[in-house]
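Chemist: here is my input; please provide its structure:
(one chain, ligands or ions: 1)
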Amino acid sequence: EVSQPAAGLRFTITAGPTQEPLDPVRYLSNHSSGKMGYALAAAAAELGAEVQLISGPVNLAIPAGVNGTQVTTAKQMLEACESRRSTTDIFIACAAVADYRAATPADQKIKKQANQDELVLKLVKNPDILANMAKATTDKNNPRPFCVGFAAETQQVEDYAQDKLLRKNLDAIVANDVSDNSIGFGSDENRVILFTQHKQTIQREALPQGSKLALGRQLIEKLLAFYKEQKTL
Ligand code: C5P
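Modeler: Sure, this is the predicted structure:
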């Protein structure tokens with residue numbers, strides 16, 4: 001019997017990649033497996049939370065006790081998140097959202113041209129889902145959730161993570177080094193550093209390397225503790 005410290009709390013968690021269509025048969029995407037986000041969703045549900053998992057295309061089953069919404073593009077993910085903003089206590093953005101999408105996806109399959117050795121694609125920036133969710137509001141009917149981001153980087157991981165924590169107005173950020181192939185994308189294991197912020201003061205905690213499931217549990221417990229501490233301040 002697991003204790004239920006998250007009972008009554010509503011989590012919204014994004015996971016997986018997004019796919020941005022170029023034409024009816026091609027898309028831009030990335031190597032996110034969704035494992036970390038699904039592990040977080042499972043852990044939060046085990047602790048009694050009401051969990052909505054908003055997932056891009058992955059090969060994973062929705063964990064027991066979790067509500068799943070499948071999306072494809074960043075725009076769809078944003079809409080799904082925003083529709084839940086006012087009923088979310090804790091928002092965790094674990095998805096690897098494509099930074100750019102095709103400016104105008106072609107209606108028909110883009111044909112290879114015999115006389116054309118180069119093809120230029122015009123991309124436009126996708127909305128930042130996390131930054132949108134973390135925006136300060138004074139509207140009592142649409143309060144800002146407690147917001148947690150992920151920072152997957154290949155260099156200067158800790159600096160970039162702290163910069164994002166402040167710039168996107170987050171309560172916490174989880175940093176991981178995706179240049180190390182034994183952890184991160186696709187792997188079953190991960191090693192992360194958790195940074196929390198209160199009034200611009202940042203605290204750092206390195207978690208020991210472990211399975212994404214074990215880390216998911218640890219992260220949810222630590223985030224819950226920090227969330228509850230904030231509520232009483
Ligand atoms: O800025 P960067 O993409 O590195 O930030 C990563 C964090 O922001 C992750 O938590 C990711 O889920 C979130 N993000 C988002 N929407 C985007 C880009 C990133 O929610 N368009």
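Chemist: can you give me the helices in the protein?
Modeler: 35-46, 74-82, 129-134, 157-167, 212-232 (DSSP state H).
Chemist: would the shortest one count as contacting the ligand?
Modeler: Yes - using C-beta under 6 Å from any ligand atom, helix 129-134 reaches the ligand at 129-130. No exception for glycine: its C-beta is placed from N, CA and C like everyone else's.
Chemist: would CSV of the helices of the chain with mean neighbour count, distance to residue 101 and mean pLDDT be doable?
Modeler: Listed next are the helices of the chain as CSV, based on neighbours: other C-beta atoms under 10 Å; distance: least, C-beta to C-beta, whole Å; pLDDT from 0 to 100:
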stretch, mean neighbour count, distance to residue 101, mean pLDDT
helix 35-46, 26, 21, 97
helix 74-82, 19, 7, 98
helix 129-134, 21, 13, 97
helix 157-167, 17, 21, 95
helix 212-232, 18, 28, 95
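Chemist: what does this protein have sitting close to the ligand?
Modeler: For the chain, the residues in contact with the ligand (C-beta under 6 Å from any ligand atom) are 14, 74, 93-95, 97, 126, 128-130, 149-151, 164.
Chemist: which among the residues you listed count as buried?
Modeler: 14, 74, 93-95, 97, 126, 128-130, 149-151, 164 (16 or more other C-beta atoms under 10 Å).
Chemist: low-confidence bits of the chain, can you list those?
Modeler: For the chain, the stretches flagged by pLDDT under 70 are 1-2, 184.
Chemist: what residue in it is the furthest from its centre?
Modeler: The C-alpha centroid of the chain is most remote from residue 115, which lies 42.2 Å away (C-alpha atoms, centre = their mean).
Chemist: how close does that one sit to the ligand?
Modeler: 37 Å (C-beta to the nearest ligand atom, to the nearest Å).
Chemist: again with residue 216
Modeler: From residue 216 over to the ligand the distance is 15 Å, taken as C-beta to the nearest ligand atom.
Chemist: all strands of the protein, in order?
Modeler: With DSSP state E as the criterion, the chain has strands at 10-15, 20-23, 26-28, 50-55, 66-70, 90-93, 100-102, 123-125, 146-153, 172-177, 189-190, 192-198, 201-206, 210-211.
Chemist: need those in TSV (columns: distance to residue 135).
Modeler: Shown next, in TSV, are the strands of the chain (distance: least, C-beta to C-beta, whole Å):
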stretch	distance to residue 135
strand 10-15	15
strand 20-23	23
strand 26-28	26
strand 50-55	18
strand 66-70	22
strand 90-93	12
strand 100-102	21
strand 123-125	17
strand 146-153	9
strand 172-177	16
strand 189-190	28
strand 192-198	16
strand 201-206	20
strand 210-211	33
